Structures are given as structure tokens and as C-alpha cells.
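A.B. asks: Mind folding the following:
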Amino acid sequence: MLRRTHVEPFLEQVDGRLRVALLADPDGRVVRFLDRLCRLVRRLEGRPRRTVAEALRRQERRIRDVRRLAGVGKTLLDLCVFRPSPQAERAPEVRDALFAARGRRWPPVPGDERVPYREAAAALGLTEEDVDRLLYADDPDARVLARAPRLDGRRLLARYNLDLARAVLLDAERVVVTARGGWKRIIRAVKLARLMYRLERTGRRTYRMELTGPAAPFVTRKQRYGRRFVRVVPAAARAPGWRVDAVVVRDGRRLSYRLTAAPELTGWRRPGRPARYDSRWERDLAAEFADKLGEERDGWTLHREDTPVPLGQELFLPDFTFRHTDGRTALVEVMGFWTPEYLEDKLRKVEAAALSNLVLVVYRGLAASSDDDEGRSRLDRPSGAAAVVWFADRPRIGPVMEAVERVAR
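C.D. replies: Numbers count the residues shown, from 1 in each chain. Presented below is the predicted three-dimensional model:
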């Protein structure tokens, strides 16, 4: 991620609001230059990181604002995949052998500079060239570029602007995220980053998540928390209708700051990515809805993991939301592959949610595998669901749609 030094030159305060000047491209020259950088980095695959960084720095002679290039170069390097060079794990061993050989021949004699290298190589069963190569092979800048990002200039520009905008949140005290969908990705990012949050519903299809920022008084390791914190923004930027409102602390003042789904911040995304499913049964149910019933069925549309249900500090996210053009909705949760712990946790959330428009689509093997009568009765008549549809081999869309029609609200 970008550091404060990359962001500071482009910040301004206007009437208690904090704004960041994104990189614009009115005539296309910026995108052409960024295309050049992307091609340059792809040509350097297999080279050390220090070589790649130096090649990007040398492009300063082609631009007017080197401050922008420093941020763009950092964004591009962060998107690269670097791996240790072969045998890099032997670097400490090589250093120990070389320094020991130098110590035995101290003070050095003119003309014998390479003698310690030959002695270390003989002791380790290596060549002198291997000793030279491995001496500092564990340095982060010695890692080799294994894969350059497959970006063009337009997407790199949008990604840099997003990184620039989210780096302001390193000084955020409180952040509120709103979106019309995509909450599974957002919540997963929040949990992976181990952030403190609170989620509440604000409308029929809208939610509000409040996050504790790195500048909050009770956050102790602010730098570490901040690095984790800003990872949430790319996940939010993939959601439809997303917005981030923050209170940023700068020089003892609290300033408001807002990010929205502007084209300058979202053009880096890959279009047309297929939805990911947690199980084959979920994928089959969605495919059968699209193949047999078309994109719409009497006004019904199918949406994947679109309606989070807050349960205190937890969250229940049904697999599917069925929406009708007249405003009715029904939620569908598929319960198939399981462990006893998974089943207990899922039933507990279903019962706590107590949704009058929830359809459980349950694999019959769950009831057969339940060890106790109470577990089987909870599967037969879960208190938090409006209807239960059983399936033996795979769920069928017909019975599911019948239940959806019956319980939709």
C-alpha cells in the first residue's frame, strides 16, 4: 500500500473536508505512459526486485511530477509477485562461512580479497560464483520477479487512484461503509483483517458497517492495524453502490472524508468474473434457475449472497436472495456438506435470525447422520425458517420456487 509520504502532496482541506487530488488523464498521455510502465515490468520478469524498482525510478526523466511516479511505482511493485531466488535459504550459512574465513585472515593482505570466498566455497561445497550470488540472497530486494501484473495503463491508473484514496484512511478514527450488495466479500475482508466492526440494516437492500479506524484512541498498534485496515477498501470497491465515509484526524483536527464509486476508482476491476459458490449444490441450483427458467421467472430474479442479516456481533448471510418485481423477497440457504460443528453453528444462526421468508434447502443425509432425536427434529422443523425443502442427490429448482412463492414477503 502507499505510505503517507506518497499521499501528503496531494491532500487539501476545504471547509472541514479532506480531499485527495486523484491522477487525471484528460488527453490520454498518462494512460500511454502507464502502458509503457506495465510493459517494462513484464519484460523484467526473472530480475531482482531492486532492478525492477530502479528501472521504474529511471522513468523520472520522462515526466514532470516525480512524486506521482513514486506512488505509481509503489502500486505497481505491490501488484507484482516476487519470490526468493533458488537456495536463498542458505544465505545465513554462506555469510557465516565467509565471515569466519575473513576473520582467520585478518588483517587482509592486498591481492587476497578472493581467498575467503574460495575457502567458504570449499567448506560449503559451492563455487565462488554461488557464494557471491547467495551472500545476500535473503535480502527482500534480492527476491526475483516471478510474475508481473497483467494490467494496462487504464487499470493501473484506477488502481493507483484507489491506493492513493485509501491511504488517507491510515489516519481515520471511524469509518462507515455502505453498499447495495457484495457484503460477503466485504465482511470476509473485515474478518481476515481482524477489524472491530458493527453492522446494521438501513433499508430493504442497504446496510451500514461502522469500522474502528487506526487513529481511534484505544488502538495500540496503529501502524499494524492501519496496514490491515486499508485492505477492506478494494473489497468494498467491488460492491455495487459502495461508499466510504470517514472521520480523519490530522494535526489534532477531525476532518470528514468520503470515497464513492467513481470511475477513477473502479476501473481497475476485472469485468465479468463468475460468481463463486461454496458447494456444487449451490452452483447447480443457480445454474438450473438460469438454464431452465431463464434469467427471470414470472418476475423473479436470483441474487447470490446479497442479503446479510445482522445477529448482534455475528452475521448470517443466506446463499441466495430471490427478488420479485413487485417487491417481494425470499431467502434461500442450502445445507449440504457439513461437520457437526458447522451444522450446530448454522442451525443456531437460522434460529436466531427467525426469518419469516427463509427457505432451507436441506440434504437428506443430514437428518440420517444426526445422532440424536433433538438434532433430527431441529432439521425437520427449524424454528427460524419458514419452509424446508429436502433433496436427495441435488436440489431442484421447482420445489424451491414453490416454497419461495409461498413464503416471500
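A.B. asks: Show the residue spans covered by the helices in the stretch 301-409 of the chain.
C.D. replies: Applying DSSP state H, counting those that start in this stretch to the stretch 301-409 of the chain gives helices spanning 340-353, 364-369, 373-380, 397-407.
A.B. asks: any idea which of the ones you listed scores lowest on pLDDT?
C.D. replies: Mean pLDDT values for these show the minimum at helix 373-380, a mean of 53.
A.B. asks: Angles on the backbone of Ala24, please.
C.D. replies: Dihedral pair for Ala24: phi -100, psi 160, per degrees, to the nearest 10.
A.B. asks: lowest confidence element among the helices and strands of the protein?
C.D. replies: helix 373-380 (a mean of 53; mean pLDDT, DSSP states H and E).
A.B. asks: pLDDT below threshold where in the chain?
C.D. replies: Counting by pLDDT under 70, the chain shows low-confidence ranges at 204-205, 266-278, 292-297, 312-315, 336-343, 345, 365-385.
A.B. asks: Domain map for it?
C.D. replies: Recorded structural domains for the chain (assignment: automatic domain parsing) are 4-82+150-266, 88-137, 280-407.
A.B. asks: Show me how far the shortest one is from its chain's centre.
C.D. replies: Here domain 88-137 is found 43 Å from its chain centre; the criterion is CA atoms, centre = their mean, to the nearest Å.
A.B. asks: rewinding a little: can you redo the domains of the chain as TSV with mean neighbour count?
C.D. replies: To be clear about C-beta, it is placed using only N, CA and C from the backbone, and glycine gets the same treatment. Below are these laid out as TSV (neighbours: other CB atoms under 10 Å):
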stretch	mean neighbour count
domain 4-82+150-266	17
domain 88-137	15
domain 280-407	16
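A.B. asks: For Arg143, find the nearest of those.
C.D. replies: domain 4-82+150-266 (3.9 Å; CB to CB).
A.B. asks: which ones are touching Leu40?
C.D. replies: Shown in contact with Leu40 (CB atoms under 8 Å, 6 or more residues apart in numbering): Ala55, Leu56, Gln59.
A.B. asks: I'd like the next helix or strand past the one helix or strand it maps to.
C.D. replies: Using DSSP states H and E, Leu40 sits in helix 29-43. Using DSSP H and E, the next helix or strand after helix 29-43 towards the C-terminus is helix 49-57.
A.B. asks: quick one: that following helix to helix 29-43, angle?
C.D. replies: Orientation of helix 49-57 against helix 29-43 (axes from the mean of the first three to the mean of the last three CA atoms, to 10 degrees) gives an angle of 160 degrees.
A.B. asks: The stretch 151-300 of the chain: helices as residue ranges?
C.D. replies: 153-167, 183-192, 222-229, 232-237, 263-266, 280-293.
A.B. asks: Which of those sits closest to Phe99?
C.D. replies: helix 222-229 (33.3 Å).
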